[in-house]
Structures are given as C-alpha cells and as structure tokens.
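Undergrad: 3D, please:
(one chain, ligands or ions: 1)
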Amino acid sequence: MKKEIHIITYGTFDMFHIGHLRLLQRLKSLGDKLIVAVSTDEFNSIKGKKTLIPYDQRAVIVENIKCVDMVIPENNWEQKISDVQKFRVDIFAMGDDWTGKFDFLKEYCDVIYLDRTKNISTTQLKQELNSFLDIYEK
Ligand code: C2G
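TA: A predicted model of the protein is given here:
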C-alpha cells in the first residue's frame with residue numbers, strides 16, 4: 001500500500017486572494033494530503049504582521065478551500081519540526097519569498113519554495129483599497 005504524500009505549508013492568509021489559492025492548489029497537486037498551518041493573531045504580532053481578518057475567520061476560510069485537507073494553528077516559529085513529525089509530512093513548501101529560511105527541515109522532509117503569484121499581495125490590496133476610498137468615499 002503506497003504511503004499517502006503529506007504536504008504542509010504555513011501562512012497568515014489575510015484577505016485570502018488568488019496568490020494564496022494558486023499556491024495551495026499547486027501544493028495539493030504534489031501529493032495527497034495538504035495541511036495548512038494558519039498563523040494565529042498572537043503569532044502575527046510576534047511576526048510584526050498586522051492582519052485585518054481575525055484568526056478564526058482566516059482559519060475557517062482556508063479549511064473550506066477545496067484543495068485543503070486540514071488546518072492547524074501556527075503559534076510560533078518553533079513548531080515546524082514537531083508538526084512535520086506529528087503529521088508524517090513528506091514535503092514542506094512555502095512561496096519563494098521564504099527561499100532558504102526553512103532549509104533546516106531538509107533533515108526531516110523535502111523542502112521546496114514555489115514562485116509567488118505576481119502582482120498581488122495583501123499589502124497591495126490594502127493600498128488599492130485605500131486609494132479607492134480616497135477617490136470615491138470623499
Ligand atoms: N504567496 C504567494 N503569492 C502571493 C502572495 C503570497 O505565493 N502573491 C504565498 C507566500 O509566499 C506564502 C503563502 O502564500 O507561502 C502565505 O502568504 P502570507 O499569508 O503572507 O504568509 P506569511 O505571513 O509570509 O507567513 O512560518 C511562516 C510564516 O507564517 C509565513
């Protein structure tokens with residue numbers, strides 16, 4: 001019986017957009033089970049990241065994406081090794097803005113970094129929304 005291929009990725013997934021979706025879809029195509037660790041609000045403040053959408057809503061959106069099989073909370077930087085072992089992960093993957101940052105996991109599983117989707121980010125969406133409001137909501 002062939003072992004199921006398990007993939008894991010980590011992220012905030014604030015204001016879920018096509019860049020997030022394309023990453024998750026590509027990750028799912030690499031195996032059988034996609035686990036997504038969504039950063040909690042507390043961890044985001046450790047990351048220095050301000051989010052618009054609270055964790056419980058970000059988590060329920062991600063777990064309802066068709067290609068996602070499981071969502072777990074990302075509470076800290078240190079949980080990745082135990083996550084990889086606990087969920088028998090074969091592939092750890094992130095967008096390439098993180099290239100090299102998690103190579104220490106190569107001892108436990110494959111580590112890959114995929115191209116980010118161009119021309120979209122939560123920061124850009126916030127900026128576009130602000131300029132829209134400046135023009136139309138004056
Ligand atoms: N992403 C992408 N294309 C974009 C925007 C984001 O492929 N246009 C990817 C990022 O590279 C990342 C994932 O989507 O792999 C989630 O992005 P963020 O929510 O910004 O995640 P981040 O805050 O970088 O958290 O421990 C790791 C951190 O929790 C990663």
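
Undergrad: what about the protein, any weak spots by pLDDT?
TA: Regions of the chain meeting the criterion pLDDT under 70 are absent.

Undergrad: write out the residues of it neighbouring the ligand.
TA: Of all the residues in the chain, those in contact range of the ligand (CB under 6 Å from any ligand atom) are 10-13, 19-20, 23, 39, 49, 74, 94-95, 97, 116-117, 120-121. Yep, even glycine has a C-beta here, placed from its N, CA and C like the rest.

Undergrad: which of these count as buried?
TA: With neighbours counted by 16 or more other CB atoms under 10 Å, those contain buried members at 10-13, 19-20, 23, 39, 74, 94-95, 116-117, 121.

Undergrad: which two from those end up farthest apart in space?
TA: By the measure CB to CB, those have their two most distant members at 74 and 117, which lie 20.8 Å apart.

Undergrad: just say helix, strand or coil for residue 94.
TA: Using DSSP: H, G, I helix; E, B strand; the rest coil as the criterion, the local structure at residue 94 reads strand.

Undergrad: just residue 34 next, same as before
TA: Assigned by three-state DSSP, the conformation of residue 34 is strand.

Undergrad: now the closest residue to the ligand within the chain: closest residue in space that isn't a chain neighbour?
TA: Sorted by distance to the ligand under CB to the nearest ligand atom, the residues of the chain start with residue 95, at 1.7 Å. Taking CB to CB, 6 or more residues apart in numbering, and ignoring the residues beside it in sequence, residue 95 has residue 116 as its nearest neighbour in space, at 4.4 Å.

Undergrad: before I go, just wanted to say thanks for your time.
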